[in-house]
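Undergrad: Dropping a prediction and its sequence here:
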Amino acid sequence: MRHRKKGFVLDRAKAPRKALLQHLAESLVYHEKIVTTHAKARAVQPFVEKLITIGKQPTLAHRRQLLKLLPKPKAVSKVLEVLSVRYQSRPGGYTRRVKLAARKGDNAEMSALLFVESAPEAGTQLSKKA
């Protein structure tokens, strides 16, 4: 049984899975869009969301925290100086997944993971319909 077990295994041991997530996140930070399988996109999306949230406070402690999570210092700099500034007023939901056509060779479900355009406007909150 898998009661209270969170996360994605992705048919890998812990160290290769961690490396995969780090490098997918690094590629997304650099290129701001990646195309990968749907399972990998689902796995890396919360990881990237947490990176942006940590980067919103540009302190030395948060920079060191990001350096533990991302393999390259250049990616950490981009998170702190570009992405976190872009989404400073946004409370979450910095990325989105877009399903694509299946991969031709093995028919794997493919998805594009990309950053949303910009922060929402101040007065455009959606109202709940009863």
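TA: All right, it came through fine.
Undergrad: Going by C-alpha atoms from here, please, whenever you check contacts or count neighbours.
TA: Fine.
Undergrad: Flag the helix or strand of this protein with the lowest per-element mean pLDDT.
TA: helix 84-86 (a mean of 95; mean pLDDT, DSSP states H and E).
Undergrad: which residues in this protein form strands?
TA: Assigned by DSSP state E, the strands in the chain fall at 33-37, 95-99, 110-115.
Undergrad: And those strands: which comes nearest Ala75?
TA: strand 33-37 (14.1 Å; Cα to Cα).
Undergrad: Next, the angle strand 110-115 makes with that closest one.
TA: Orientation of strand 33-37 against strand 110-115 (axes from the mean of the first three to the mean of the last three Cα atoms, to 10 degrees) gives an angle of 150 degrees.
Undergrad: Show the average pLDDT along strand 33-37.
TA: Per-residue pLDDT over strand 33-37 has a mean of 97.
Undergrad: what inclination does that strand have with respect to strand 95-99?
TA: 50 degrees.
Undergrad: Just say which of the strands of the chain is most tucked in.
TA: strand 110-115 (a mean of 20; mean count of other Cα atoms under 10 Å).
Undergrad: so what strands line up beside that one?
TA: strand 33-37 (antiparallel), strand 95-99 (antiparallel) (DSSP bridges).
Undergrad: is it possible to export those to CSV including distance to Asp11?
TA: As requested, the strands paired with strand 110-115 are arranged in CSV below (distance: least, Cα to Cα, whole Å):
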stretch, distance to Asp11
strand 33-37, 13
strand 95-99, 21
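Undergrad: returning to that earlier point: compare the strands of the chain and report which one is nearest to Glu26.
TA: Using Cα to Cα, the strands of the chain put strand 33-37 closest to Glu26, at 10.2 Å.
Undergrad: now the closest one, how far from the chain's geometric center?
TA: Relative to the chain's own centre, strand 33-37 is displaced by 11 Å; criterion: Cα atoms, centre = their mean, to the nearest Å.
Undergrad: Same check on stretch 15-23?
TA: 13 Å.
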